[in-house]
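Peer 1: Quick check, what structure comes out for this input:
(2 chains)
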Amino acid sequence: MILAQLSLESGPSIGLLAILVSAALTDNILLTRFLGMCPFLAVSREMKSAFGLGIAVTFVTTFTAAINAALYTHVLEPLGLHVGLKLILFIVVIAAFVQLMEMLIERISIGLYYALGIFLPLITVNCAILGTSLFMINKHYTVVQGLVFGFGSGLGWMLAIVLMAGIRDRLKRAQIPPALEGPGISLIITGIMALAFVGFSGMIQ
Amino acid sequence: MVTILVAPLLVGGICAVLAALLVLAERTLVNYGTCRIDINQGGKQLEVKGGRPLLATLMAESIFIPSACGGRGTCAYCKVHVLEGGGPVAPTEATLLSDEERKADVRISCQLKVRNDLAIEIPEELFRVRQFTGVVERIRDLTHDIKEVRVRLAEPDAIDFTPGQYVQLQAPAYGKNPEPVYRAYSISSPPSDGGHVEMMIRLVPGGICTTWVFEILKEGDEVHLNGPYGEFRLSDDSGKEMIWIAGGSGMAPFWSIVRDLREKKAERKCTYFFGAVAERDLFLLDEFRALEKELPGFRFLPALSGADQDGWAGEKGLITEVVGRHLPDGEGKEGYLCGSGGMIDASVKVLTAKGIPEERIYYDKFT
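Peer 2: Predicted coordinates for the structure are as follows:
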């Protein structure tokens, strides 16, 4: 396959593009793993905020996955502590990174800070981000692969929430049985979206 | 055994590194140095430490902008004109500002961080605003759900205000209220009694400040308030005939204004319509009857809107209907309103229909 030929020599024989596509589509963190559901349901009412949160999540997953991959392969594994400590340290790293990002963005671009500002603190407790770091470890990725995996995973989450926001925008004018209004119909739609994403599963072996 | 030692050291070490990074970032990234704030185009210059919200920064310099929510960005009282250096509007401000206000560079000062030099404009009278500490001298029931609270000012010991203005009373943290909040109440005492502030406080079920006043506050307690604020006052030069309309605790500013008029022996013509549901909601009737005798141009017309007010010989019906009946023509008159939003909207309609132009109708809305 073309995707498989793009592999880097450092890691196991899987290409970066393949990692990206599989993280975003076939293994979509939201629609196949059902992680990050709370912000997905809470912030998908409006396209603008869904997009903003999507960007913020992509940004944070990308860099935390890379930092965590480095921490895991270069510090935890050599010390033999990778089993017990990865969870606790990944959480600490994500929390600190989000804090740091918040300060940095506030200093560099007030506009971007305001666009993301309310979402950044929310991200610390988004399980899709911790999930991405943990899945990455299961797949034995290198730092570069982890970065790409994180980016793809974030993109996939953003794709899902943006699609959901579009659908919910149309639902505002739809006639929904009263019993299903709100979370009910949202969860059913999420399920159907997840079924649709199963269709991608044949793309990458 | 080694693992037991290495693991905590590693976790501690990584946490320490991250914490050090954050502290370093805070020192370098969030440090905005000294910022200059120019108020009213050279009227006052401040040099302040940047990085805090404008509202808190000004408060530290003893300039009090009205604010009811304590800087949480919900009440939208602390609006300030920011001429220079405001930067983009934060999402937390966006919902609180109208399009006109945005064009006029109005900002919510508790949500605007001082990051650089600023040029702002505030009403000149805000320089007169002070933070007061006082002692509750008397609490009395005016009706079943309105209390009059009289505070003797201690530090500073006198307030200089125009009748019709309001103060912000601080409800301290208690029970379910985690932090102090400020609520606005019109001053009901006349300015000649500058050593005291009286307020009329109506019980709002579930209200933070009113619950505190009704259930916890006692005579002798220390209270904090700041003021005076507000544009609501008589237009002093016109001498036009006035129509006052109030309901419930909307009585407060008029009780201050009317006693001020009595002291000044003003002869300006005035009709005061006071709306209530039942007789138990009326108060200060005897005082107003006495005032009618002392002030030749003054008339007091209380009206009851509730059904079955058989014992009541006075006006009946909604206050707007009563105004409609008693005001043949609004030409050359002014309207002064104080009460709930619904009452004010309805009253403005009646008065404009009678020919009082909207710029001659003044009001405070209690929401």
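Peer 1: Please name the nearest non-neighbouring residue to A:Ile137.
Peer 2: Leaving aside its chain neighbours, A:Ile137 sits nearest to A:Tyr72 (5.8 Å; criterion: Cβ to Cβ, 6 or more residues apart in numbering or on different chains). Just so you know, the C-beta spots here come from the backbone N, C-alpha and C atoms, and that holds for glycine as well.
Peer 1: quick one: contacts for that neighbour?
Peer 2: A:Tyr72 makes contact with A:82, A:86, A:137, according to Cβ atoms under 8 Å, 6 or more residues apart in numbering or on different chains.
Peer 1: B:Thr3 too?
Peer 2: When contacts are counted by Cβ under 8 Å, 6+ apart, B:Thr3 touches A:80-81.
Peer 1: one more time with 10 Å
Peer 2: B:Thr3 makes contacts with A:79-81, A:84-85, B:10, as judged by Cβ atoms under 10 Å, 6 or more residues apart in numbering or on different chains.
Peer 1: Pick out the residue of chain A closest to chain B.
Peer 2: Residue nearest to chain B within chain A: A:Ala96 (4.0 Å; Cβ to the nearest Cβ).
Peer 1: The helix or strand encompassing that residue - contacts with which helices or strands?
Peer 2: For A:Ala96, the element it lies in under DSSP states H and E is helix A:82-108. Here helix A:82-108 touches helix A:47-71, helix A:77-79, helix A:110-116, helix A:120-123, helix A:127-138, helix B:2-29, going by 3 or more Cβ pairs under 10 Å, 6 or more residues apart in numbering or on different chains; DSSP states H and E.
Peer 1: can you give me the angle it makes with helix B:2-29?
Peer 2: Helix A:82-108 runs at 0 degrees relative to helix B:2-29, counting by axes from the mean of the first three to the mean of the last three Cα atoms, to 10 degrees.
Peer 1: is it true that A:Ile167 touches A:Ala196?
Peer 2: No: A:Ile167 lies out of contact with A:Ala196 (Cβ atoms under 10 Å); the separation is 11.6 Å.
Peer 1: more crowded one of the two?
Peer 2: The neighbour count for A:Ile167 versus A:Ala196, taken as other Cβ atoms under 10 Å in any protein chain shown, is higher for A:Ile167 (17 against 11).
Peer 1: Skipping adjacent residues, who's closest to the more buried one in space?
Peer 2: With Cβ to Cβ, 6+ apart as the criterion, A:Ile167 has its nearest non-adjacent residue at 5.9 Å, and that residue is A:Ile189.
Peer 1: Go ahead and confirm that neighbour touches A:Met164.
Peer 2: Yes: at 7.1 Å, A:Ile189 counts as touching A:Met164 under the criterion of Cβ under 10 Å.
Peer 1: okay, the two: which has more neighbours?
Peer 2: Using other Cβ under 10 Å, the more surrounded residue of A:Ile189 and A:Met164 is A:Met164, with 24 against 16.
Peer 1: Doesn't the more buried one belong to a helix?
Peer 2: Yes: counting by DSSP: H, G, I helix; E, B strand; the rest coil, A:Met164 is located in a helix.
Peer 1: Chain B contacts on chain A?
Peer 2: When proximity is defined by Cβ under 10 Å from any Cβ of the partner chain, chain A lies next to chain B at A:49, A:52, A:71, A:75-76, A:79-81, A:84-85, A:88-89, A:92-93, A:95-97, A:99-111, A:113-119.
Peer 1: interface residues of chain B facing chain A?
Peer 2: Proximity of chain B to chain A, by Cβ under 10 Å from any Cβ, involves residues B:2-3, B:6-8, B:10-11, B:13-15, B:17-19, B:21-22, B:24-26, B:28-32, B:87-94, B:113, B:115.
Peer 1: Show me how chain B divides into domains.
Peer 2: B:34-126, B:130-229, B:241-366 (automatic domain parsing).
Peer 1: In contact with B:Arg150, which residues?
Peer 2: So B:Arg150 contacts B:134-140, B:188-189, B:193, B:196-199, B:219 (Cβ under 10 Å, 6+ apart).
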